[in-house]
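Peer 1: Quick one, fold the following:
(chains A, B, C and D)
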Number of protein chains: 4
Amino acid sequence: MKVIRCRDKAEVGKAACAYTLQAMMQPDAHIAITGGSTPKEMYEYLVPLVCDNPAFSHVQYYNFDEIPQVGEHEGLTMQALRSLFFTPANIDEKQIHILNEKNYMECEAALAAVGYLDYVVLGLGKDGHFCGNLPHTCTFDDDTHAVACDLNPTLYNRIKFLSGSDENKMPDAYVTMGPRTIMRSKQIVMIVNGKAKAEIVKRALWGEITAECPSSIFQLHPNFILILDAEAASELTL
Amino acid sequence: MKVIRCRDKAEVGKAACAYTLQAMMQPDAHIAITGGSTPKEMYEYLVPLVCDNPAFSHVQYYNFDEIPQVGEHEGLTMQALRSLFFTPANIDEKQIHILNEKNYMECEAALAAVGYLDYVVLGLGKDGHFCGNLPHTCTFDDDTHAVACDLNPTLYNRIKFLSGSDENKMPDAYVTMGPRTIMRSKQIVMIVNGKAKAEIVKRALWGEITAECPSSIFQLHPNFILILDAEAASELTL
Amino acid sequence: MKVIRCRDKAEVGKAACAYTLQAMMQPDAHIAITGGSTPKEMYEYLVPLVCDNPAFSHVQYYNFDEIPQVGEHEGLTMQALRSLFFTPANIDEKQIHILNEKNYMECEAALAAVGYLDYVVLGLGKDGHFCGNLPHTCTFDDDTHAVACDLNPTLYNRIKFLSGSDENKMPDAYVTMGPRTIMRSKQIVMIVNGKAKAEIVKRALWGEITAECPSSIFQLHPNFILILDAEAASELTL
Amino acid sequence: MKVIRCRDKAEVGKAACAYTLQAMMQPDAHIAITGGSTPKEMYEYLVPLVCDNPAFSHVQYYNFDEIPQVGEHEGLTMQALRSLFFTPANIDEKQIHILNEKNYMECEAALAAVGYLDYVVLGLGKDGHFCGNLPHTCTFDDDTHAVACDLNPTLYNRIKFLSGSDENKMPDAYVTMGPRTIMRSKQIVMIVNGKAKAEIVKRALWGEITAECPSSIFQLHPNFILILDAEAASELTL
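Peer 2: Now for the predicted structure:
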């Protein structure tokens, strides 16, 4: 694990942009990218560089999880990725590999055919989750799989909240690449900002390796890079 | 995981030699190698190529475990590595980093200073162990550590047997790099020969990921290569 | 030779920024960068990404030529590089390796000690020159060397013009890395914009290899990338 | 240029074998290899490692020149390569890309389609030639081309001698990759043995860069490795 300590969110975004560009410039560039608010600054640096840039026309992009929305063409993750990156960067639809509730069972075979992912950039949940791998929903040997949204009340409420608190939009299940899928990526970058994540950063990356804190598995990845702002790093003694 | 199926032990040795040479030819080459009978053919191919070859004078070698022997200068692993490789290949003592009962607590810091291991070649025990990480002696977050030989009767008898059935030579504890140490290696090659290993190959690399079968953790390494002869692969359906 | 055809100067700047970042993200990053007006857009993309970014704190920067100015602390190239890049990107002085009339004789030994340059980005002169290697001033086996400004009237007038048409500021000689120095770089990116360069692009990169058109030597480099806008590419039939 | 000084021919063979294996273990491995007596020891180390080894089944082999023989199915170079390497190492015919008098005009396009050669290992002639590029038969911008055997008496006598002094077997022309083809290779290894080559080693690699000594062009390649025995290095002062 390599830890990069930044002053603030802007520096985190810059460093994450640098790693993502590096991955995008390799001849093999099958990369999974993340939505949410954490990578906002990363995309602000990335978009002008990537937009209409022929140096990146070979990159293949993947979403690593998806929360479908009843009655909508695409789920929450793809909506976020389009808004943050695919649309402003004018990415060709042929470069986008959509994971959703219809095709998730073919995901592992499709990734195996290209040698698995070359790069993933992801965030860290306050409960230690990454992608859709939450405590009590996964084991470390899970591949890409679906999770029933009524598995437990915490999960149900979380998905309902993400669905705009609208039960009519809530899916029966969401899909996600599993710990084994993500661990097979040749490089993994995790970006974390803010005081509220300081405790989980310490517990997930320096504590016990257990499926109850799914991100703890990254302690075992040989090319894992953790990019933190000063607040997220505030509990660390190193 | 990449699986390489060979016809016999000689082919396994050749393929393992090829991977080991590749690692040895990189500018950064901190590699841990294994004793025992499984790698015998690998060393037979390796020794004439490496002996007095200036292309390999930068390689740094590590033993990943050691069973000390009372009254002897070096333990069983170093004795085996010297006999199989270091002596016939005329490796300079400056290139050999000895792990033993006196220095194991400094091992992680020493590896961290060089960016951890670049390459490990290891075997698979019939109980799923690798290095000195046996079922019920380790957890996945163990770094380099010592294991008391009287932890349980099975372990006691195993170490006694390896010590020539001579209790006077038995150490109080043996030392080993842990699962976290080995998982940090950029590449891991596991070689397995023989019918007697067919069942554990299937269970360890395709079964549940659990510390009760320590080698199962390699399912989560992004650059893990499994080299099998036909007998060791005989239980696989792929 | 890889040819990247862009629509306009902005796209050329983006593509050159991408290649330069890639070089800057390698563990070994000894790079020589160029002044002048051609790389202006490249630096506009590069500066916000590099400024105070810890991912680039290991990069070592070199100027590949210098025209000293009498009575001034630094010559024209360093003045340009500071204005375009080093100052706005807040590059630490320890990362900047200045070539000038006092130290040019030590340049080759210093580069040899770090394995020569990893990357050079440079422009193309209308006479086929690169760096300070003009027709009739160099041979292909020249290393870093000094060129007397009164070698011929064309050269004299050129240096006088660059010195603000002020003979009092004109140096006796300028210094430059030679064809052999630059060819030893592991990767070379040449950026060319504008209609006025269309003819020399064709002649230098597709015509005879001769010291009378110094850039023609790049036809023989295994990792040479030519980035052109539509105007600079307008004479090409490919 | 990296110079590797060995004690004798056996050490040269070992070092060349190491570099060749490294190239063969890369995912992209389009390599051109050499016949003649110089690489004999290299192939002795290489053959047992490569024979039936699945780690090398992706390697694509090329001959870089050919002297056809009237009435024979294959020319002198392919005959030598089969005897030295392809036959004892049991290389699949699909991995062998034969250059000959019928297909040499398609050679550059075929190489361009795979990104040019990744690796070439070659020898040095006493007149400074490499491949079929002899003084007065080539310019540095030559691609793969044919050379008429009656171009000059020296050449005529040389080809006649190589054809077993049998004029009936002599071809009208031989074919060779040119300086530009070979320079585009990502890595070039030159092996040289014996006192008789000591003077040309010094002249070609440290002297003037001129087409009258074709190998002098390698002074300009960024990844050129020169492997010498003690006799071939005896004129060097470094």
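
Peer 1: CA atoms for contacts and neighbours, from now on please.
Peer 2: OK.

Peer 1: Name all residues that make contact with the residue most central in space within chain A.
Peer 2: Central residue of chain A (C-alpha atoms, centre = their mean): A:Leu122, 3.3 Å from the mean position. Under the criterion of C-alpha atoms under 8 Å, 6 or more residues apart in numbering or on different chains, the neighbours of A:Leu122 are A:33-34, A:130-131, A:188-191.

Peer 1: Same question for A:Tyr174.
Peer 2: In this structure, A:Tyr174 makes contact with A:65-68, A:101, A:132, A:146-149, judged by C-alpha under 8 Å, 6+ apart.

Peer 1: so can I have a markdown table of those residues showing secondary structure and distance to chain B?
Peer 2: Shown next, in a markdown table, are these (DSSP: H, G, I helix; E, B strand; the rest coil; distance: C-alpha to the nearest C-alpha, whole Å):
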| residue | secondary structure | distance to chain B |
| --- | --- | --- |
| A:Asp65 | strand | 19 |
| A:Glu66 | strand | 22 |
| A:Ile67 | coil | 25 |
| A:Pro68 | coil | 28 |
| A:Glu101 | coil | 24 |
| A:Gly132 | coil | 17 |
| A:Ala146 | strand | 19 |
| A:Val147 | strand | 19 |
| A:Ala148 | strand | 22 |
| A:Cys149 | coil | 25 |
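
Peer 1: can I get those residues in CSV with pLDDT and neighbour count?
Peer 2: Output for those, formatted as CSV (pLDDT from 0 to 100; neighbours: other C-alpha atoms under 10 Å in any protein chain shown):
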residue, pLDDT, neighbour count
A:Asp65, 98, 31
A:Glu66, 98, 25
A:Ile67, 98, 24
A:Pro68, 97, 23
A:Glu101, 97, 20
A:Gly132, 97, 24
A:Ala146, 97, 21
A:Val147, 97, 17
A:Ala148, 97, 14
A:Cys149, 96, 20
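
Peer 1: residue ranges of the helices in chain A, please?
Peer 2: For chain A, applying DSSP state H gives helices covering A:9-24, A:40-50, A:76-81, A:107-113, A:153-162, A:179-183, A:198-206.

Peer 1: so of the ones you listed, which one's packed in deepest?
Peer 2: The highest mean neighbour count among the helices of chain A, using mean count of other C-alpha atoms under 10 Å in any protein chain shown, belongs to helix A:179-183: a mean of 25.

Peer 1: check contacts around A:Val147.
Peer 2: Taking C-alpha under 8 Å, 6+ apart, we find A:Val147 in contact with A:137, A:173-175.

Peer 1: try A:Ile33
Peer 2: Going by C-alpha under 8 Å, 6+ apart, the list of residues near A:Ile33 reads A:61-64, A:120-122.

Peer 1: From D:Thr77, how far off is it?
Peer 2: Note on A:Ile33: its distance to D:Thr77, by C-alpha to C-alpha, to the nearest Å, is 51 Å.

Peer 1: repeat for A:Leu122
Peer 2: Look at A:Leu122 and D:Thr77: by C-alpha to C-alpha, they are 54 Å apart.

Peer 1: same check, this time on A:Ile67
Peer 2: Summarising the geometry, the distance separating A:Ile67 from D:Thr77, computed by C-alpha to C-alpha, is 62 Å.

Peer 1: and if you look at A:Ile217?
Peer 2: Counting by C-alpha to C-alpha, the gap from A:Ile217 to D:Thr77 is 55 Å.

Peer 1: Near A:Lys102, how many residues? Count them for me, please.
Peer 2: Here the count is done by other C-alpha atoms under 10 Å in any protein chain shown, and A:Lys102 has 8 residues near it.

Peer 1: Could I get the pLDDT score of it?
Peer 2: pLDDT recorded at A:Lys102 is 97.

Peer 1: One more: A:Leu238?
Peer 2: 67.

Peer 1: will you turn the helices of chain A into CSV that also has mean pLDDT and distance to chain C?
Peer 2: CSV is the format used below for these (pLDDT from 0 to 100; distance: least, C-alpha to the nearest C-alpha, whole Å):
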stretch, mean pLDDT, distance to chain C
helix A:9-24, 94, 6
helix A:40-50, 95, 6
helix A:76-81, 98, 22
helix A:107-113, 95, 25
helix A:153-162, 95, 32
helix A:179-183, 97, 23
helix A:198-206, 97, 20
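
Peer 1: To B:Ile91, which of those helices lies closest?
Peer 2: With C-alpha to C-alpha, the closest approach to B:Ile91 among the helices of chain A belongs to helix A:179-183: 35.5 Å.

Peer 1: Now do that closest one: everything it contacts.
Peer 2: Here helix A:179-183 has contacts from A:108, A:116-117, A:120, A:133, A:138-144, A:188, A:214, A:217-218, A:221, B:219-222, using C-alpha under 8 Å, 6+ apart.

Peer 1: hmm, 6 Å instead?
Peer 2: Outside helix A:179-183, the residues that touch it by C-alpha atoms under 6 Å, 6 or more residues apart in numbering or on different chains are A:140-143, B:220.

Peer 1: How far off centre is it?
Peer 2: Using C-alpha atoms, centre = their mean, to the nearest Å, the mean C-alpha position of helix A:179-183 is found 12 Å from that of the whole chain.

Peer 1: Then stretch A:87-103?
Peer 2: Remark: stretch A:87-103 is offset 15 Å from the chain centroid, using C-alpha atoms, centre = their mean.

Peer 1: Please apply the same query to stretch A:63-74.
Peer 2: Centroid displacement of stretch A:63-74 relative to its chain, using C-alpha atoms, centre = their mean, is 15 Å.

Peer 1: do the same with stretch A:77-94
Peer 2: Computed by C-alpha atoms, centre = their mean, the separation of stretch A:77-94 from the middle of its chain amounts to 15 Å.

Peer 1: Any idea how many residues pack against A:Asn103?
Peer 2: Neighbour count for A:Asn103, taken as other C-alpha under 10 Å: 10.

Peer 1: before we move on, the earlier item: out of the contacts of A:Leu122, which are inside strands?
Peer 2: Among the contacts of A:Leu122, the members falling in strands are A:33, A:188-191 (criterion: DSSP state E).

Peer 1: closest to chain D among those residues?
Peer 2: Sorting those by how near they are to chain D, with C-alpha to the nearest C-alpha, puts A:Ile188 at the top with 21.7 Å.

Peer 1: Give me the neighbour count for the closest one.
Peer 2: 27.

Peer 1: I figured A:Tyr156 hits A:Asp150, correct?
Peer 2: Yes: checked against C-alpha atoms under 6 Å, the pair A:Tyr156 and A:Asp150 is within contact range at 5.2 Å.

Peer 1: For chain A, what lies in contact range of chain C?
Peer 2: Taking C-alpha under 6 Å from any C-alpha of the partner chain as the test, the list of chain A residues beside chain C reads A:14, A:22, A:49.

Peer 1: Now flag whichever of these is closest to D:Glu208.
Peer 2: When the residues of chain A next to chain C are compared for distance to D:Glu208 (C-alpha to C-alpha), A:Gln22 wins out at 39.4 Å.

Peer 1: Tell me how far the nearest residue to the closest one once chain neighbours are set aside lies from A:Val120.
Peer 2: With C-alpha to C-alpha, 6 or more residues apart in numbering or on different chains as the measure, C:Gln22 is the residue that lies nearest to A:Gln22, at 5.6 Å, once sequence neighbours are left out. Relative to A:Val120, C:Gln22 is positioned 18 Å away (criterion: C-alpha to C-alpha).

Peer 1: same check, this time on A:Ile96
Peer 2: Distance of A:Ile96 to A:Val120, given as C-alpha to C-alpha: 15 Å.

Peer 1: So these two - more neighbours on which side?
Peer 2: Neighbours were tallied for A:Ile96 and for A:Val120 using other C-alpha under 10 Å; the higher tally belongs to A:Val120 (26 against 16).
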